[in-house]
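Chemist: Fold the stuff below for me.
(2 chains)
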Number of protein chains: 2
Amino acid sequence: MARQLSIAVDQSVYDPNVKPTQQALAQIEQAGAAGADLLLLKELHNGPYFCQRQSTAEFDRATVLDQANLQLLCDAARKANVVVVSSLFERRQSGLYHNTAVVIDRDGSVAGKYRKMHIPDDPGYHEKFYFTPGDTGFRPIDTSIGRLGVLICWDQWFPEAARLMALAGAEVLLYPTAIGYDPVDPEDEQSRQLQAWQTVQRGHAVANGLPIAVANRCGFEQDPGGSSGIEFWGHSFVCGPQGEFLAHAEHNKPELLLAQIDLERSESVRRIWPFLRDRRIDQYGDLLKRSID
Amino acid sequence: MARQLSIAVDQSVYDPNVKPTQQALAQIEQAGAAGADLLLLKELHNGPYFCQRQSTAEFDRATVLDQANLQLLCDAARKANVVVVSSLFERRQSGLYHNTAVVIDRDGSVAGKYRKMHIPDDPGYHEKFYFTPGDTGFRPIDTSIGRLGVLICWDQWFPEAARLMALAGAEVLLYPTAIGYDPVDPEDEQSRQLQAWQTVQRGHAVANGLPIAVANRCGFEQDPGGSSGIEFWGHSFVCGPQGEFLAHAEHNKPELLLAQIDLERSESVRRIWPFLRDRRIDQYGDLLKRSID
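Modeler: So this is what the prediction gives:
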């Protein structure tokens, strides 16, 4: 018995001339009009990817995630009858900030939050300066359309995160993302990075028998700090529980990517490939170590 | 500074007219002549894939893995100056059998053993009938050419196995394999399975910044039990630490696949993608549970 879920995935360019919340509100409306059950917004959709440099002034972008500050998104979700996975810069208290996904159910209520657990830090992505690693754990968020395994960007490289969401009953994994090339990297390296990024996430789908959706930015964003900037590579995608592509956006094309996933397909796949049956939990203890040395 | 390793990967058909050990000995000689440092043999290379049915008579194929029974392989490895990863049906004692990889160093000594930890069991692959799950743990095996993360077939679907090998310092992951289609599956399902199998392993390469080599059987093997048999799909491959293909065998072509890997490349990749730095070991405790319920 099929249990269809219609997903809309935001692949968009940051435009300083459009008010950021307005962009998200328009996308929610558009997703609703397209008949989507769920809209996955890109990472930190309410502004530029400000982590290219370290600047204390950027903390002004953060907001307390209380009902008042979420009201516009909640109203839009309710009007469009769409579950919205938003990705916001959270001010938790003075000196304490997170990279946080807020899930809003289609009735406009806040279904839950996930604070990014794995925080990157490399040239162009100074996230450890801005974000305290999350303390939510890897817990899926229950909504009217299913149990959502929301993770964020850097989390996508960690099989542990996907596995924990699957063990806790997530029915789909959702990744708001901001990733791109360093324009000075040679083309073959750029290609390997893009392929690796898709492959590791499709691998999580396979290892856990779960569909996955990934929303990435696209377009070039300059670094006010003067580095070469980031060419966000797009290639947002949705894949099924065998890692098979169901929908795939292009490199430099802003798009509201639409895909149908059948949540019952995971059950069939897990019956032919019962990996969860055979995990050697008696021998996994060292996964809790930093290094086995 | 490059540190090249030349790998030969056995993709061959089971031929009842050739004595199985003779086939392996010829391959070792061939790998040595090709200048390989290491030969990865296919899973259970010393015979047919006998697990298609449950039959107590098949236990006669197992051998005690003592020096006498390994001598031919050891001599061949020494003569060819090649590290050999063999895959054998081990009789440990009466009523206790394993699916075991034996690594023989290029001087002919036994460097170590790995007993398959994850055991499949599905139509055509009745391995739980034959093999007790391994008790070696996920420990890489040290050889004169590096620290080898040897895993076997079904292990390849488990990110935990790859991660534990990486944390323990494995420099390359090696998978002897016997996997194929059920000939009655439709073509699109066959294609998804093959892609999933490659993708999940390439994903381990990416998640751990490690090269991987996979040796698979090819060709059709009938099921003496009368089912539709297995079309072993070949597609043996070697990939680098970003999951990029370095060498790839075809579907139905027996081949000694050759590839060069640079073990120093992992260091560069791990510097740009330092996933091991950022693992949330404080939050991974539930990986030791069967289910989070």
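Chemist: Was I right to think A:Val64 contacts A:Leu88?
Modeler: No. Contact criterion Cβ atoms under 8 Å: A:Val64 and A:Leu88 do not qualify, at 10.2 Å. All C-beta spots, glycine's among them, are computed from the backbone N, C-alpha and C.
Chemist: So those two - more neighbours on which side?
Modeler: In this view A:Val64 and A:Leu88 are compared by other Cβ atoms under 10 Å in any protein chain shown, and A:Leu88 has more residues nearby, 26 against 11.
Chemist: residues contacting the more buried one?
Modeler: Neighbouring residues of A:Leu88 by Cβ atoms under 8 Å, 6 or more residues apart in numbering or on different chains: A:44-46, A:63, A:65, A:100-102.
Chemist: Of those residues, which is the nearest to B:Val84?
Modeler: Distance to B:Val84, by Cβ to Cβ, is smallest for A:Ala101 among those, at 49.2 Å.
Chemist: Report how many residues lie close to the closest one.
Modeler: A:Ala101 sits with 28 neighbouring residues when counted by other Cβ under 10 Å.
Chemist: where's it, which helix or strand?
Modeler: strand A:96-104 (DSSP states H and E).
Chemist: Tell me which other helices or strands that strand touches.
Modeler: In terms of contacts (3 or more Cβ pairs under 8 Å, 6 or more residues apart in numbering or on different chains; DSSP states H and E), strand A:96-104 is packed against helix A:67-80, strand A:83-93, strand A:110-115, helix A:127-130, strand A:146-150.
Chemist: quick one: A:Ala170 and A:Pro140 touch, right?
Modeler: Yes. In this structure A:Ala170 lies within contact range of A:Pro140 using Cβ under 8 Å: 4.0 Å.
Chemist: Does whichever strand or helix holds A:Ala215 reach chain B?
Modeler: Using DSSP H and E, the element containing A:Ala215 is strand A:212-216. No. Using Cβ under 8 Å from any Cβ of the partner chain, strand A:212-216 never reaches chain B; the gap is at least 11.7 Å.
Chemist: Pairing partners for that strand, with directions?
Modeler: Using DSSP bridges, the strands paired with strand A:212-216 in its sheet are strand A:172-177 (parallel), strand A:237-239 (antiparallel).
Chemist: export the helices and strands packed on strand A:96-104 to a markdown table and tack on distance to B:Val206 and mean pLDDT?
Modeler: Formatted as a markdown table, these follow (distance: least, Cβ to Cβ, whole Å; pLDDT from 0 to 100):
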| stretch | distance to B:Val206 | mean pLDDT |
| --- | --- | --- |
| helix A:67-80 | 34 | 98 |
| strand A:83-93 | 23 | 98 |
| strand A:110-115 | 23 | 98 |
| helix A:127-130 | 20 | 98 |
| strand A:146-150 | 20 | 98 |
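Chemist: Including distance to A:Glu255, could the ones you listed go into CSV?
Modeler: Putting the helices and strands packed on strand A:96-104 into CSV (distance: least, Cβ to Cβ, whole Å) gives the following:
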stretch, distance to A:Glu255
helix A:67-80, 18
strand A:83-93, 17
strand A:110-115, 25
helix A:127-130, 26
strand A:146-150, 21
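Chemist: Can I get stretch A:142-151 as PDB, trimmed to CA atoms?
Modeler: Output of stretch A:142-151 as PDB, limited to C-alpha atoms (Å, rounded to 0.1, in the frame of the first residue of the first chain):
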ATOM      1  CA  ASP A 142       6.800  14.000  14.600                       C
ATOM      2  CA  THR A 143       4.400  15.800  12.300                       C
ATOM      3  CA  SER A 144       1.000  15.100  10.700                       C
ATOM      4  CA  ILE A 145       2.700  13.700   7.600                       C
ATOM      5  CA  GLY A 146       5.200  11.400   9.300                       C
ATOM      6  CA  ARG A 147       8.300  11.200  11.500                       C
ATOM      7  CA  LEU A 148      11.000  13.500  10.000                       C
ATOM      8  CA  GLY A 149      14.700  13.000  10.500                       C
ATOM      9  CA  VAL A 150      15.900  16.600  10.200                       C
ATOM     10  CA  LEU A 151      19.600  17.000  10.000                       C
END
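Chemist: Return the distance of that stretch from the chain's centre.
Modeler: 13 Å (Cα atoms, centre = their mean, to the nearest Å).
Chemist: Which positions in that stretch come out as buried?
Modeler: A:143, A:145-151 (16 or more other Cβ atoms under 10 Å in any protein chain shown).
Chemist: Tell me which residues are up against it.
Modeler: A:5, A:37-38, A:83, A:85, A:101, A:103, A:105-107, A:111-112, A:114, A:116-117, A:138, A:140-141, A:161-162, A:165-166, A:168-175, A:210, A:263.
Chemist: Of those, select the buried ones using a PyMOL command.
Modeler: Buried members of these can be picked out in PyMOL with the line below, counting by 16+ other Cβ under 10 Å:
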select buried, chain A and resi 5+37+38+83+85+101+103+105+106+111+112+114+116+117+138+140+141+161+162+165+166+168+170+171+172+173+174+175+210+263
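Chemist: How about the contacts made by whichever residue of chain A sits closest to chain B?
Modeler: Residue nearest to chain B within chain A (Cβ to the nearest Cβ): A:Gly203, separated by 2.2 Å. A:Gly203 makes contacts with A:159, A:243, B:159, B:199-204, B:206-207, as judged by Cβ under 8 Å, 6+ apart.
Chemist: Drop anything exposed from those.
Modeler: Buried among those by 16+ other Cβ under 10 Å: A:159, A:243, B:159, B:199-204, B:206-207.
Chemist: Which one of the residues you listed is nearest to A:Asn252?
Modeler: B:Val206 (23.6 Å).
Chemist: Check the closest one and give its pLDDT.
Modeler: Reading off the confidence values, B:Val206 has pLDDT 98.
Chemist: Regarding it, which helix or strand does it belong to?
Modeler: Element membership for B:Val206, per DSSP H and E: helix B:187-208.
Chemist: can you pull out the strands in the stretch 151-293 of chain A?
Modeler: A:172-177, A:180-181, A:212-216, A:218-221, A:230-233, A:237-239, A:245-248, A:255-262 (DSSP state E, counting those that start in this stretch).
Chemist: outside of the first one, which residues touch it?
Modeler: Think strand A:172-177. Taking Cβ under 8 Å, 6+ apart as the rule, strand A:172-177 contacts A:5, A:7, A:38, A:40-45, A:85, A:87, A:101, A:146, A:148-153, A:155-156, A:162, A:165-166, A:201, A:204-205, A:208, A:210-217, A:236, A:261, A:263.
Chemist: from the middle of its chain, how far away would it be?
Modeler: 4 Å.
Chemist: and what of the third one?
Modeler: Computed by Cα atoms, centre = their mean, the chain-centroid distance of strand A:212-216 equals 6 Å.
Chemist: Outside of that strand itself, list whatever touches it.
Modeler: So strand A:212-216 is contacted by A:7, A:9-11, A:40-43, A:156, A:172-179, A:201-202, A:204-205, A:232-239, A:259, A:261 (Cβ under 8 Å, 6+ apart).
Chemist: how about A:Ala31, what does it touch?
Modeler: Contacts of A:Ala31 by Cβ under 8 Å, 6+ apart are A:8, A:38-39, A:80, A:82, A:256.
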